[in-house]
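Novice: Build me a model from this:
(2 chains)
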There are 2 protein chains.
Amino acid sequence: MFTTTLTYDSYEPATEGLREALTSTGNGYICTRGAAEWEDPGASHYPGTYTHSGFNRETTIVAGRAVLNEDLVNLPNWLVLKLRVEDGEPFRLAGTADVLEYRHEYDLATATVSRFVRFRDPAGRETSLTSRRFVSMSDRHWAGIEWTITPENWSGRLEVITALDGRVTNWGVARYQELEGRHLDPVVPRTFGPEVIGLKVRTRQSQIHVGQAARTRVLDLDGQPVNVARELYQMEDYIHQTISFSATEGEPIRVEKMVALYNSRDHAMSEPLTTAGTVASRLPTFAEAFTRHQRAWSELWERCGVEVGDDEVQLRLNLHIAHILQVCSRHTAELDAGAPARGLNGEAYRGHIFWDELFIYPFLNYRLPEVTRSLLMYRCRRLDEARAAAADAGYRGAMYPWQSGSDGTEETQVVHLNPRNGQWEPDLSHNQRHVNAAICYNIWQYYQATGDIDFLSRFGAEVLLEITRFWASLATFNADRGRWEINGVMGPDEFHEKYPGSDEEGLRNNAYTNVMVAWLAHTAGQVLAALPVRRRRRLWDSIGLTEGELEHWAELARLMYIPFHEDENGDAVISQFEGYEDLEELDWAAYRSKYGNIQRLDRILRAEGDTPDRYKLAKQADTLMLFYVFSDTQLAEILGRLGYGYEPDAARRNIGYYESRTTHGSTLSYIVHAHVLARFDPDRSWEMFRTALDSDLNDVQGGTTAEGIHLGVMAGTLDLIQRGYLGTEGNGELLRFTPRGVQKLAGQSMTMRFRETVLKIAIDHERLSVSRVDDSPTLIWIAVEDSIQEARPAQAVEFTLQS
Amino acid sequence: MFTTTLTYDSYEPATEGLREALTSTGNGYICTRGAAEWEDPGASHYPGTYTHSGFNRETTIVAGRAVLNEDLVNLPNWLVLKLRVEDGEPFRLAGTADVLEYRHEYDLATATVSRFVRFRDPAGRETSLTSRRFVSMSDRHWAGIEWTITPENWSGRLEVITALDGRVTNWGVARYQELEGRHLDPVVPRTFGPEVIGLKVRTRQSQIHVGQAARTRVLDLDGQPVNVARELYQMEDYIHQTISFSATEGEPIRVEKMVALYNSRDHAMSEPLTTAGTVASRLPTFAEAFTRHQRAWSELWERCGVEVGDDEVQLRLNLHIAHILQVCSRHTAELDAGAPARGLNGEAYRGHIFWDELFIYPFLNYRLPEVTRSLLMYRCRRLDEARAAAADAGYRGAMYPWQSGSDGTEETQVVHLNPRNGQWEPDLSHNQRHVNAAICYNIWQYYQATGDIDFLSRFGAEVLLEITRFWASLATFNADRGRWEINGVMGPDEFHEKYPGSDEEGLRNNAYTNVMVAWLAHTAGQVLAALPVRRRRRLWDSIGLTEGELEHWAELARLMYIPFHEDENGDAVISQFEGYEDLEELDWAAYRSKYGNIQRLDRILRAEGDTPDRYKLAKQADTLMLFYVFSDTQLAEILGRLGYGYEPDAARRNIGYYESRTTHGSTLSYIVHAHVLARFDPDRSWEMFRTALDSDLNDVQGGTTAEGIHLGVMAGTLDLIQRGYLGTEGNGELLRFTPRGVQKLAGQSMTMRFRETVLKIAIDHERLSVSRVDDSPTLIWIAVEDSIQEARPAQAVEFTLQS
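Specialist: As a prediction, the model looks like this:
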């Protein structure tokens, strides 16, 4: 049975932000974090609840420059509950009462937060308070908090203040605090009968209306209503009820605050506040709503659980699954939402969508493919904007932005605040065109896992072909080399924006980008071939494809230029980009000893008046990405088609060269390294995997998790199990496993969906078994290494492993 | 090749409303009608463009009673273009100029409206003007108008006024004109560069923001920009540009107004006006946009075309297909939209959703199943509201409303204006609970046509089971009869709301309702059995199903009470409801001679102080619906299970009894009668079919089409071909045809989708052939009568017909 819980036994203001991010509760539509209950009743600037749907884009002038501002919808704070004993001050953790006991728990099984506090007020009254809250996974618009209050050594009057607070600001990321943080304009407060208060606000730029309504009831231990007096207070952007009642020593009293949350982009409603009020009035009890919530989570765990034989690893994987499902659940699938890099758990990166999808979808593809489909639709719906961006830049096809928000235009900041020197420095990271290769890779991987030809033919193929067309128009032919080149772009390593001293942005022939383009140029033909014949013809006409273009693409698949240079041993390694070998070596020891943590060497060097562009260093895996996205077989095929050799120890040689020159300034880097190492150094790989597992839980970057979890890394750790260690690869009707580091895998089991079948995978020291538990007619085959068996409905196949 | 065009050769103000409804142009997202170009420049109250997404519900007090008001979003009028020659008055059809020539054409192939006018102004200047406009089927947010202006006998100055007008009101239905017609509040006008004007408004209650932007260009015959002067005029809810330029005798000048339309529920945008402005600025030329539009329509016709050997019938079928696709297209599938009874072509019934789906989906199921799925989702998303309605009324499960709008609550008017006597009379039509049977029937039919188990198991089954549960809790056991009964409801015949003189609403044991419930009670078990085993278990738990309930349902399938009585010949007919035989016969001849058109006998009788409740009469098919929704085999099975006999001539006997007592006050009635007659009286059936075909084109109800087309009848005529005459019936992997009236069918052909296959059906006097043109691996079988053949990819099967 599922029993993992995160527990914190004392209140620590310094790490409270981290705890809040880690113990947030969400359902793929909204996500709530924050200390808004009793800790600091005045902390209305502290954000509570975020949602995907719709982004808010405003430009603010900071230090004379235009800076794009927050893009996340921060909803009014529905958590506010305050407690006043007799005539005392409202209780605050950091207030005048003595805290005798404190516990903060997070049940990963249901993403439920509980807190327990026992305190003594200046008058000597001791009171205990248990709080539980959840955002419903069964019913998208529901959330609830339950308080159990016990006067331990006194009887008398208790007052509870229950509020909806629209005065929230985006304040969660210190370095954004110079920017305008207020994004909600007041609309109106109102009540719905005696028990329900409601509040409506509107986002400032996107004009999304948000309606919330809360029903608060006070009950005795038998669930019977307690006699209460209610008093209302409201302003244009805030509403509360003060509920007062008598309490008796030793007799617990329960307060239930059930909340309905709507916004104007929601379906099946007329106006969000009216609907919220109606729904709040008829919400079930906390217990009933919680039972439904639990049932929904239990179904999700049955689908998505990954079991391993190690408790510590298991805790972390569960934490990661719980967070992935809070950002990307079935409720997300009804929204026009992408997968934001920092989830909905914080404001860092302003809710933007980068390339993290590449690390997130492999996990979802094999578990909740309907969610991946919907997230891919986020891209498909923005195809016209990407076409316009390509045209504006003088290219054909579609060019998706590096950072994407609501309308699909480029959201990347043009200046970047270096906290080390307080300077705003130019930011060229929008040149990371490789996000366009990732989108195509994601579409193809989704199709391989699901066989969803409907998606491919109606939506995915068009995006993939238009992106291929973009790359083809960006590529230039170098007659001297007889090769096609791509210049002026950046790879995933953000430390290299241009050549040192150059006025031109970007680099020449980033190897990762060029190999991805060669792969795509080949795959585009496969996609066309996979389409139903009538659709192929229609699409061909509608985007005006020509035979000449297809020939050009085929040539790119054969003639993209890939730079190589020699490592310390005189062996060839892939150059991160052309001319990489001419850069200077950094004195790593000196910087480590001077600065300690050098993950953000870019900021360090710039603050010194230097630039990372000069050195052989990387923020994160760049060239190594190739060994992450492709298997050895695939990479050998792609490079072979290009006429470059691919030697068996290429991965080892390249990781040997680049690992020592990487700061892991992005935690994604650990995922990639662990993945590449899995095939020849399982122990070191496992070590990296363990680092990645800790990255959010232990906030390894020293403060970034409080600003929002790292969704790509969280999903990446699960994909390491699935793709890195089990070596899972879907291809047509065949699902292949190539287990690596088998001794670490023993005891693992998981459920996967593959082309409409449901498979339970289990692995021990000697065997990998796959039980098919669905009754669909789909024909599939399972392979382990070179052994292939058909997997029939309600049957199991077993493979013996070489360890 | 497709060449059908509707042409009107003269301007007739009296029927202009009808022409506008019939020649509207839409794309399933927005639909534009209206004379707003040059006819009446002041007619800003005359509506232009409607959209599905989001409904606007307001309550107005009329004559001391609360009346629900319009529920359709009427967008600002983007059509406004006015023409001024030299210093004259702006040209108006009904103005001071002499109209020398006039033509109004509607190209059904692309839903494109063209008009041509040649006029002479008081100064003797003759000018010709050709106008073409479309709402893009390829690009959901695009629309365009093109004017070609030729000074025939003069040269000089021309002025074009191009506007966006937010001052529109809902004014299209005379009897609603007492109600508040203004539903848009102004927000702001603005410009985007010299060529683009924009306007933003907000619906009053639902607060949907609507942004429109229009780019107007003036071009010579070579497509080169003409030198123009532009002058701007704007108010808070209106904006226009006056564009003036020189024109030369005999040299045509083109004006292109390209428009982008967005609202705040749209995807992939931040704020609708900004997005509209950006998109309008980069729209292609009219010609390019039109080519894309044409291509999209041509694909739709390839999918949805139904060819018959008769030109007049063909014209009407094409008209109907063109309109169905304007209300329910792939663009609809991205919206939270249902299928409104009157389409988006007018304001009658305020955009509400009734049971017309029952007549619309059979056509879509076999052509654009993704659209049916999305329209069914409109119901699935409102399940909670239907649950609340059932609970409020004291029932279990889910009770969907008779009239449904944005939030899924009951929208049926409680009073009804009788235009004959100006009285507001009580309206009990919300008791038509049979809409709940139709929803289940639609879900099951969609599943039969598509095999879409994903929809059934994630969404459809839950709705169907919850509705079954509702019926079960509504049914009461009559111990005397040993039968289950349903009392207090109305059948489809709206003339019978209660027993004459009774204070209780509704009737006892409406036969149509009871048989549908018996069918559903049986089908619910089949649905459960069809679900994947894990999903069945989950659903069972989540809605708390019990074995006891299933037993109860099985009993309903065996023991629903169905009333019968004897017709004039002493043969048993199904009673429309219990006690029908005790009602009085109406003196039909007297009423016909006194009133002529007696389709709305209810209004006539009530105006006389009488009530239709007293008589054996029906507005539309009620009992006969049974022979429409079920085949003879199915009906024999259902009634057999109930222990009632089903004699071979039951259909003939029942139609003989009811047809003469029906006024066809709903045009749906013709569809049902034609369908039932098909099996034994093809000639009379064909006559009814022809009446139904004419119902909108010739406005047979005398004015109702101008208020909006009748989507159910339009689709019903196509379903008559498919299901009535070809006898199409999908069941598992088997698609069966039972052709009736074969001589009428000769020369017919159509394309159908069935469980992911694509089939071309052709029929002549002797043969029915089915060519499978897809390359999917799906296994299907085709049957004609008792002959069954497997249909393999890229192969044809042929059947010989008995005529």
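Novice: For the residue nearest the centre of chain A, which residues are in contact?
Specialist: Among the residues of chain A, A:Leu711 comes closest to the average C-alpha position under C-alpha atoms, centre = their mean, at 2.9 Å. Residues in contact with A:Leu711, defined by C-beta atoms under 8 Å, 6 or more residues apart in numbering or on different chains, are A:323-324, A:327, A:339-343, A:356, A:360. In short, each C-beta sits where N, CA and C put it, glycine included.
Novice: Next secondary structure element downstream of the helix or strand bottoming out on mean pLDDT in chain A?
Specialist: Ranking every helix and strand in chain A by mean pLDDT, DSSP states H and E puts strand A:65-68 at the bottom, with a mean of 50. Counting by DSSP states H and E, the element after strand A:65-68 in chain order, helix or strand, is strand A:73-75.
Novice: in its sheet, what does that next one sit against?
Specialist: Strand A:73-75 pairs in its sheet with strand A:49-51 (antiparallel), by DSSP bridges.
Novice: hang on, the earlier thing: what separates the residue nearest to the centre of chain A from B:Thr757, distance-wise?
Specialist: Noted for A:Leu711: a distance of 40 Å to B:Thr757, by C-beta to C-beta, to the nearest Å.
Novice: now the strands: where do they sit in the stretch 651-800 of chain A?
Specialist: Across the stretch 651-800 of chain A, reading from the start of the chain, the strands by DSSP state E, counting those that start in this stretch fall at A:729-731, A:734-737, A:748-754, A:757-763, A:767-772, A:780-784, A:787-791, A:796-800.
Novice: Looking at the contacts of A:Leu711, which is nearest B:Trp540?
Specialist: Out of the contacts of A:Leu711, the one with the shortest distance to B:Trp540 is A:Ile324. That distance is 27.6 Å, counting by C-beta to C-beta.
Novice: ok, now which ones touch the closest one?
Specialist: Counted by C-beta under 8 Å, 6+ apart, A:Ile324 has contacts A:304, A:360, A:363-364, A:711, A:714-715, A:718.
Novice: Secondary structure element for it, which one?
Specialist: With elements delineated by DSSP H and E, A:Ile324 resides in helix A:311-327, which encompasses its position.
Novice: Where does A:Ser298 sit, in terms of helix or strand?
Specialist: Using DSSP H and E, the element containing A:Ser298 is helix A:286-304.
Novice: can you give me how far that helix is from the chain middle?
Specialist: 22 Å (C-alpha atoms, centre = their mean, to the nearest Å).
Novice: Report the rounded mean pLDDT for that helix.
Specialist: If you average the pLDDT over helix A:286-304, you get 96.
Novice: Then stretch A:568-578?
Specialist: Along stretch A:568-578, the predicted confidence averages to a pLDDT of 96.
Novice: ok, back up a step: the helix holding A:Ser298 near chain B anywhere?
Specialist: Yes - applying C-beta under 8 Å from any C-beta of the partner chain, one finds helix A:286-304 in contact with chain B at A:292, A:295, A:299.
Novice: Summarise which helices and strands that helix is packed against.
Specialist: For helix A:286-304, the contact count by 3 or more C-beta pairs under 8 Å, 6 or more residues apart in numbering or on different chains; DSSP states H and E identifies strand A:142-151, strand A:253-263, helix A:311-327, strand A:748-754, helix B:533-543 as packing neighbours.
Novice: who touches the helix or strand following that helix?
Specialist: In the C-terminal direction, the helix or strand that comes right after helix A:286-304 (DSSP H and E) is strand A:306-307. For strand A:306-307, contacts defined as C-beta under 8 Å, 6+ apart pick out A:314, A:317, A:321, A:718, A:721-722, A:747-750.
Novice: mind running it again at 6 Å?
Specialist: Contacting residues not belonging to strand A:306-307 are listed as A:317, A:718, A:721, A:749-750 [C-beta atoms under 6 Å, 6 or more residues apart in numbering or on different chains].
Novice: what's the answer for stretch A:358-371, then?
Specialist: Here stretch A:358-371 makes contact (C-beta under 6 Å, 6+ apart) with A:303-304, A:328, A:332-333, A:339, A:372, A:438, A:442, A:446, A:449-450, A:711-712, A:715-716, A:718-719, A:723, A:752-753.
Novice: on that earlier part again, may I have the helix holding A:Ile324 as PDB, with CA atoms only?
Specialist: Extracted as PDB, the C-alpha positions of helix A:311-327 are listed here (Å, rounded to 0.1, in the frame of the first residue of the first chain):
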ATOM      1  CA  ASP A 311      12.500   3.500   0.100                       C
ATOM      2  CA  GLU A 312      14.400   6.700  -0.400                       C
ATOM      3  CA  VAL A 313      14.200   6.500  -4.200                       C
ATOM      4  CA  GLN A 314      10.600   5.600  -3.900                       C
ATOM      5  CA  LEU A 315       9.800   8.700  -1.800                       C
ATOM      6  CA  ARG A 316      11.400  10.900  -4.400                       C
ATOM      7  CA  LEU A 317       9.800   9.300  -7.400                       C
ATOM      8  CA  ASN A 318       6.400   9.500  -5.700                       C
ATOM      9  CA  LEU A 319       7.000  13.200  -4.900                       C
ATOM     10  CA  HIS A 320       7.800  13.700  -8.600                       C
ATOM     11  CA  ILE A 321       4.800  11.800  -9.800                       C
ATOM     12  CA  ALA A 322       2.500  13.700  -7.500                       C
ATOM     13  CA  HIS A 323       3.800  17.000  -8.800                       C
ATOM     14  CA  ILE A 324       3.700  16.000 -12.500                       C
ATOM     15  CA  LEU A 325       0.100  15.100 -12.000                       C
ATOM     16  CA  GLN A 326      -0.700  18.400 -10.400                       C
ATOM     17  CA  VAL A 327       0.500  20.300 -13.400                       C
END
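Novice: what about A:Glu180, neighbour count?
Specialist: Here the neighbour count serves as a burial measure; for A:Glu180 (other C-beta atoms under 10 Å in any protein chain shown) it reads 17.
Novice: Check what pLDDT it gets.
Specialist: On pLDDT, A:Glu180 comes in at 73.
Novice: Contact distance from chain B - what residues of chain A qualify?
Specialist: With C-beta under 6 Å from any C-beta of the partner chain as the criterion, chain A comes near chain B at residues A:57, A:206-207, A:209, A:267-271, A:282, A:299, A:336, A:381-382, A:388, A:406-408, A:538.
Novice: Just the buried residues of those residues.
Specialist: By the neighbour-count criterion of 16 or more other C-beta atoms under 10 Å in any protein chain shown, the residues of chain A next to chain B include these buried positions: A:57, A:206-207, A:209, A:267-271, A:299, A:336, A:381-382, A:388, A:406-408, A:538.
Novice: Which of those fall in strands?
Specialist: A:His209 (DSSP state E).
Novice: host element of A:Lys200?
Specialist: In this assignment (DSSP H and E), A:Lys200 forms part of strand A:196-203.
Novice: circling back to that earlier point, from the residues of chain A next to chain B, which land in helices?
Specialist: Counting by DSSP state H, the part of the residues of chain A next to chain B found in helices is A:299, A:388, A:538.
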